[in-house]
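> Attaching a predicted model along with its sequence, questions to come.
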Amino acid sequence: MTIQPRIDQELHKLVQSKKTEDEKKRELSKRIEARLDHSGRLFFVRKGAPVDPRRMSPTDRVNVDDIYDLGRPAKRQRFLQLAKSPKYKGPLLLAEGDSWFEYPFAKDLIKYAGEKYAVLSLARAGDTWANILDEDRDPPKKYSDGTLQGLTHNLDKPEIRRKFNFVMLSAGGNDLIGQLINCVYEFDPHRSEDQYIKHQGPGGFDAVLGLVAQEYRDSVKSVTDRGANVILHTYDYPNPVSGGEYIGRRFEHDLHFPMGAVALMRRVVNQMIDLFHKELAAIANASKGRVLLVDLRNTIGTSDYLNGPDSRWWYDEMHGNRQGFGRLWKRMDAELMKIF
């Protein structure tokens, strides 16, 4: 018989407690941190666990599934409250995506959105496109809070008998960061700083980004064919740091970049974000007005790779803190108000 580690028991009890979502997130941020495995999949460990996975003990890793979508129950409750209210005249939105929509350590974009709009969230921290598409397979399944899984399942059978007007998508970041070591050349002092992206090859950046873009195109078509419009967003420029859990360690440990070469890391990942934006812009431009693209670059991140972003808005290398996501939401909502 396998005995559940004590930290798992404590965190499961915390997640299931009657504390507010903010209280739970504050406690989680003190107890655990996020990591990526070699395939790019997100997992959680206790605070201060060894950086090298080979040195981790079974009690270092946290196995509490509900942490990945901690905020969904409260978001669902808020959605139903607004959607069923005769006073609410706004749009119905369906949101699917990753940790920018469902983040266990800070108030995320959909939490902000739900304060103003009726948004049903399907998002889960760490989700890749493969995870998102898998949730739409038959037979339909439900999350632990009763929310139906899958974009098309929800579009075809909306819970409150009213069709969704818009679908918000936030995906691809985990697909790209998971393949980072295959998409970037190892450090070479003789290589031009503008030539570190490995474009060619079956596992190269162009192939990975191409697959992400194709998943976007297929999903956009599936959504618009069902009568809803689509809202996409770019990620902001990241905030890599030396030894960082998502980016810094991969550059330094796997790609042998010098310790502290943060400006070069920023330059490389910023170029990736610009290419990602270019693909999404092409999808929006070809949609005949059915797709809105919200460009979030230079909101809490910066194209100034030499000096880097203001650390006051960041929780880690890839995510804003509460104030950071607030700034991102303010910029996003300014674009949404033009169409709602």
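Now that the structure is in, tell me what you want to look at.
> okay, and for the stretch 51-200 of the chain, where does confidence drop off?
Along the stretch 51-200 of the chain, no part satisfies pLDDT under 70.
> could you pull out the strands for it?
For the stretch 51-200 of the chain, applying DSSP state E, counting those that start in this stretch gives strands covering 61-62, 92-97, 118-121, 166-170.
> what's the domain layout of the protein?
Here the domain assignment for the chain is 6-67, 69-336, based on automatic domain parsing.
> in terms of contact, does R331 touch I300 like I think?
No - R331 sits out of contact with I300 when judged by Cβ atoms under 8 Å, with a separation of 9.4 Å. From N, CA and C alone the C-beta is placed, and that goes for glycine too.
> Quick check on those two: which one has the bigger neighbour count.
Comparing R331 with I300 by other Cβ atoms under 10 Å, the one with more neighbours is I300, at 25 against 18.
> How about the contacts made by that one?
By Cβ atoms under 8 Å, 6 or more residues apart in numbering, the residues touching I300 are D236, P309, D310, W313, W314, G320, G324, R327, L328.
> List phi and psi for the fifth one.
Main-chain torsions, W314, degrees, to the nearest 10: phi -110, psi 140.
> what about F251, is that helix, strand or coil?
With DSSP: H, G, I helix; E, B strand; the rest coil as the basis, F251 sits in helix.
> so which of the strands of the stretch 51-200 of the chain gets nearest L232?
Nearest to L232 among the strands of the stretch 51-200 of the chain is strand 166-170; the distance by Cβ to Cβ comes to 5.6 Å.
> How far does that closest one sit from its chain's centre?
In terms of Cα atoms, centre = their mean, to the nearest Å, the centre of strand 166-170 is found 12 Å from the chain centre.
> Equivalent analysis for stretch 181-196, please.
Remark: stretch 181-196 is offset 26 Å from the chain centroid, using Cα atoms, centre = their mean.
> same check, this time on stretch 70-78
17 Å.
> how far away is the spatially closest residue to S311 that is not a sequence neighbour from L180?
Spatial nearest neighbour of S311, excluding adjacent residues (Cβ to Cβ, 6 or more residues apart in numbering): N239 at 7.2 Å. Distance, N239 to L180, by Cβ to Cβ, to the nearest Å: 15 Å.
> The stretch 1-150 of the chain: helices as residue ranges?
Secondary structure of the stretch 1-150 of the chain, counting by DSSP state H, counting those that start in this stretch: helices at 6-16, 21-31, 72-83, 109-113, 129-134.
> winner for burial among these?
helix 109-113 (a mean of 25; mean count of other Cβ atoms under 10 Å).
> For it, give me every contacting residue.
Contacts of helix 109-113 (Cβ under 8 Å, 6+ apart): 21, 71, 74-75, 93, 95, 100-102, 119, 121, 123, 168, 170, 325-326, 328-329, 332-333.
> returning to what we had before: report the contact partners of the residue nearest to S311.
For N239, the contacting residues are G301, G308, P309, S311, W314, D316, E317, M318, by Cβ under 8 Å, 6+ apart.
> ok, now with 7 Å
N239 sits next to G301, G308, P309, W314, E317 when contact means Cβ atoms under 7 Å, 6 or more residues apart in numbering.
> what do you get for Y68?
So Y68 contacts R124, A125, G126 (Cβ under 7 Å, 6+ apart).
> Same question for T299.
Taking Cβ under 7 Å, 6+ apart, one finds D236, R327, L328, R331 in contact with T299.
> tell me which strands and helices the longest helix belonging to the chain is in contact with?
Using DSSP state H to define each element, the chain has its longest helix at helix 262-285. Applying 3 or more Cβ pairs under 7 Å, 6 or more residues apart in numbering; DSSP states H and E, one finds that helix 262-285 contacts helix 205-225, strand 291-294.
> Out of those, which one sits most buried?
Mean neighbour count, computed with mean count of other Cβ under 10 Å, is highest for strand 291-294 among the helices and strands packed on helix 262-285, reaching a mean of 20.
> Who does that one pair with, and is each partner parallel or antiparallel?
Sheet pairing here is set by DSSP bridges, and for strand 291-294 it gives strand 229-233 (parallel).
> Run through who's touching the partner strand.
By Cβ under 7 Å, 6+ apart, the surrounding residues in contact with strand 229-233 are 165-170, 220, 223-224, 280, 284, 290-294, 296, 332.
> Apply 6 Å and report the result again.
Outside strand 229-233, the residues that touch it by Cβ atoms under 6 Å, 6 or more residues apart in numbering are 166-169, 220, 223, 280, 290-294, 296.
> What is the burial count for the closest residue to P238 other than its chain neighbours?
Spatial nearest neighbour of P238, excluding adjacent residues (Cβ to Cβ, 6+ apart): V269 at 5.1 Å. Residues lying near V269 (other Cβ under 10 Å) number 28.
> same question, R137
Using other Cβ under 10 Å, R137 has 12 neighbouring residues.
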